[in-house]
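> Quick one, fold the following:
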Amino acid sequence: MKNTVLIAFLGRSPKGEEGYRKTRYDFGDNSLTEETAFFGWVLRKRIDPDHLVILGTRGSMWDHLFEGDLDLGEMGEQDRMALMEHVESHSVSQDQLDKMAPLLAKALGIPVRLRSIPYCSTEAEQIELLRIIAEEVEPEDRVHLDISHGFRHLPMLALLSALHVRQIRDANVEGIWYGSYDPDTGKAPVYELSGLLRIADWLQSLASFDKDGDYRVFVPLLRQANLDPEACD
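Residues are numbered from 1 along each chain as shown. I've put the predicted structure just below:
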């Protein structure tokens with residue numbers, strides 16, 4: 001069964017007396033989202049995934065998932081307090097996240113996975129991130145990636161992960177989303193970047209053409225671009 005999976009990176013926004021900084025995102029449809037610090041929440045409402053996977057480091061704002069944009073009442077209150085302490089000390093563990101994930105799953109009504117990822121500062125850690133993301137994707141899944149939060153080098157790895165899961169899982173990467181924020185204007189436009197994958201497809205086809213001289217490698221791409229089918233034959 002093909003499922004829609006949202007995989008979102010969790011960063012660490014500036015935190016003041018009133019919590020993490022919030023903003024209203026603009027998808028370009030003449031309406032702003034509700035105020036939120038974690039773009040993944042408003043994206044979840046928009047694409048309605050069957051599964052949600054949130055990736056973050058030991059020091060990401062995990063506590064905000066349980067204290068900020070969602071009202072969980074008194075559910076898991078002691079565990080949530082302990083999580084806040086571990087976030088402050090950058091020591092959140094995978095065991096702790098596994099314990100907390102059911103709270104979000106119950107609140108959202110869908111399966112939720114919280115995955116601790118390395119800081120990806122070395123090649124070995126970067127490969128580990130590719131492995132973690134691939135583990136969360138089943139064959140032929142429809143995948144959306146949210147790269148709004150996290151370290152600045154992670155979007156490059158996310159793009160590589162998108163190419164990776166297309167190849168090894170035959171997944172359909174339907175969206176690569178970036179919820180931006182301009183501190184000068186306070187505006188937060190949303191960009192959908194999956195067109196980068198089509199550019200990668202063209203580059204791969206050009207390399208194949210240079211090797212074999214076979215124009216047929218371009219046919220699927222031309223059809224994808226809605227060229228007249230007769231012109232592709």
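> quick one: residue 170 and residue 140 touch, right?
Yes - counting by Cβ atoms under 8 Å, residue 140 is a contact partner of residue 170 at 5.4 Å. Every C-beta, even on glycine, is put in place using the N, C-alpha and C of the backbone.
> Quick check: buried residues in the strand with the most length in the chain?
In the chain, with assignment by DSSP state E, the single longest strand is strand 172-179. Going by neighbour count (16 or more other Cβ atoms under 10 Å), the buried part of strand 172-179 is 173, 175-179.
> ok, and what's touching it?
4, 25, 39, 42-43, 47, 140-148, 155, 158-159, 162, 165-166, 188, 190-194, 196-197 (Cβ atoms under 8 Å, 6 or more residues apart in numbering).
> what do you get if the cut-off is 7 Å, keeping everything else the same?
With contact meaning Cβ atoms under 7 Å, 6 or more residues apart in numbering, strand 172-179 is reached by 25, 39, 43, 142-148, 158, 162, 165-166, 188, 190-194, 196-197.
> mind listing the helices for the protein?
Assigned helices in the chain, in chain order: 39-47, 62-67, 77-88, 94-108, 123-135, 154-169, 195-212, 219-224, 229-232 (criterion: DSSP state H).
> okay, those, which one's buried deepest?
Neighbour counts (mean count of other Cβ atoms under 10 Å) averaged over each of those peak at helix 62-67, with a mean of 23.
> same question for that helix, mean pLDDT?
Averaging pLDDT along helix 62-67 yields 90.
> Please apply the same query to stretch 83-102.
For stretch 83-102, the per-residue pLDDT averages 95.
> mind checking how far that stretch is from the chain centre?
The chain centre lies 20 Å from the centre of stretch 83-102; the measure is Cα atoms, centre = their mean, to the nearest Å.
> Touching it from outside, list them.
Counting by Cβ under 7 Å, 6+ apart, residues outside stretch 83-102 touching it are 58-59, 61-63, 66, 76, 79, 112-114, 116.
> can you check stretch 112-120 too?
By Cβ under 7 Å, 6+ apart, stretch 112-120 touches 52-58, 92-94, 97, 100-101, 104-105, 125-126, 128-129, 132, 136, 153-154, 157.
> can you give me how far that stretch is from the chain middle?
11 Å.
> likewise stretch 54-66?
The answer for stretch 54-66 is 13 Å, by Cα atoms, centre = their mean.
> CA atoms only for it, dumped as PDB, please.
The C-alpha trace of stretch 54-66 is given here as PDB (Å, rounded to 0.1, in the frame of the first residue of the first chain):
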ATOM      1  CA  ILE A  54      10.600  14.200  12.700                       C
ATOM      2  CA  LEU A  55      14.400  14.200  12.600                       C
ATOM      3  CA  GLY A  56      16.500  16.200  15.100                       C
ATOM      4  CA  THR A  57      19.800  16.300  17.000                       C
ATOM      5  CA  ARG A  58      20.300  15.800  20.700                       C
ATOM      6  CA  GLY A  59      19.800  19.600  21.100                       C
ATOM      7  CA  SER A  60      16.900  20.300  18.800                       C
ATOM      8  CA  MET A  61      13.800  21.900  20.200                       C
ATOM      9  CA  TRP A  62      12.100  18.600  21.000                       C
ATOM     10  CA  ASP A  63      10.400  20.200  23.900                       C
ATOM     11  CA  HIS A  64       8.500  22.600  21.700                       C
ATOM     12  CA  LEU A  65       6.700  19.700  20.000                       C
ATOM     13  CA  PHE A  66       5.000  19.000  23.300                       C
END
